[in-house]
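# How does the following fold in three dimensions:
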Amino acid sequence: MIALERARQYLEQLSLSHAAAVLESRLEAAATQEMTDADSLADLQDAELAVRRERSLKARIRLAHLPFHKTLDPFDFAFQSSIDERQIRELATMAFVANATNVLFLGPPGVGKTHLAVALGLAAIEQGLAVYFVTAYTLVQNLRRAHPENRLERRLRVYTAPRLLIIDELGDLALDSLEATLFFQLVSAWWVPLNPGPGDFSSGQNGGFLNRP
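Here you go, the predicted model:
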């Protein structure tokens, strides 16, 4: 028991808190199943990694600011026959992000553009990507407020830091001259990093830019 407690303390010192919590039960299971030392260690590591992945997933979902959580599964592609299910499921692979390709959803209200955008955002999060969802109105107002306060670059970083930015209701917004300029600065910041260093001018370095008009 002394050795067990020491091992638990070592795990906690290494910030492996879940592994420390389940150490005794995992060792008992390993003995029952006659696992090798290597298999027992791998089992303990798997338990720790599973918890960390779940925490990371929840954190990415929280930071994405999605208005709701819906996947592609409940979407009725049969009802919305104008939407190509094969194309949408291809987008869900996030190949367009890897290829730095922008995506624009066009269509009248009520066809499910926001649902699809959110579903693709969740798919990106599940694949380990950082996502940020914002309406066009909120985005523009935040940029407009930041501009006279010399906080524009900081605000731009909020929108350029994620791997995937989803802008909802873009087509519903009429921009004045200043707002159009600020929005252009955001788009430019996606293609050229703020304060770039040597070699940082690769096209589309931030990946996909998903819009819903």
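# isn't Y132 right up against L164?
Yes: between Y132 and L164 there is a contact under Cβ atoms under 8 Å: 7.5 Å. To be clear about C-beta, it is placed using only N, CA and C from the backbone, and glycine gets the same treatment.
# of the two, who's got more company?
Legend: neighbour count by other Cβ atoms under 10 Å for Y132 and L164, higher for L164 (24 against 20).
# what is that one paired to in the beta sheet?
When bridges are called by DSSP bridges, L164 pairs up with V131.
# same for the helix ranked longest in the chain, what does it pack against?
The single longest helix within the chain, with elements called by DSSP state H, is helix 37-64. Counting contacts by 3 or more Cβ pairs under 8 Å, 6 or more residues apart in numbering; DSSP states H and E, helix 37-64 packs against helix 17-32, helix 113-126, strand 131-135.
# per the record, what domains does the protein have?
What automatic domain parsing lists as the domains of the chain is 2-64, 85-211.
# Overlap of the contact sets of Y132 and L164?
Residues touching both Y132 and L164 (Cβ atoms under 8 Å, 6 or more residues apart in numbering): there are none.
# If you count neighbours, what's buried in stretch 78-95?
80, 83, 88, 91-92, 94 (16 or more other Cβ atoms under 10 Å).
# Could you give the separation of it from the chain centroid?
Taking Cα atoms, centre = their mean, to the nearest Å, the mean C-alpha location of stretch 78-95 is offset from the chain mean by 20 Å.
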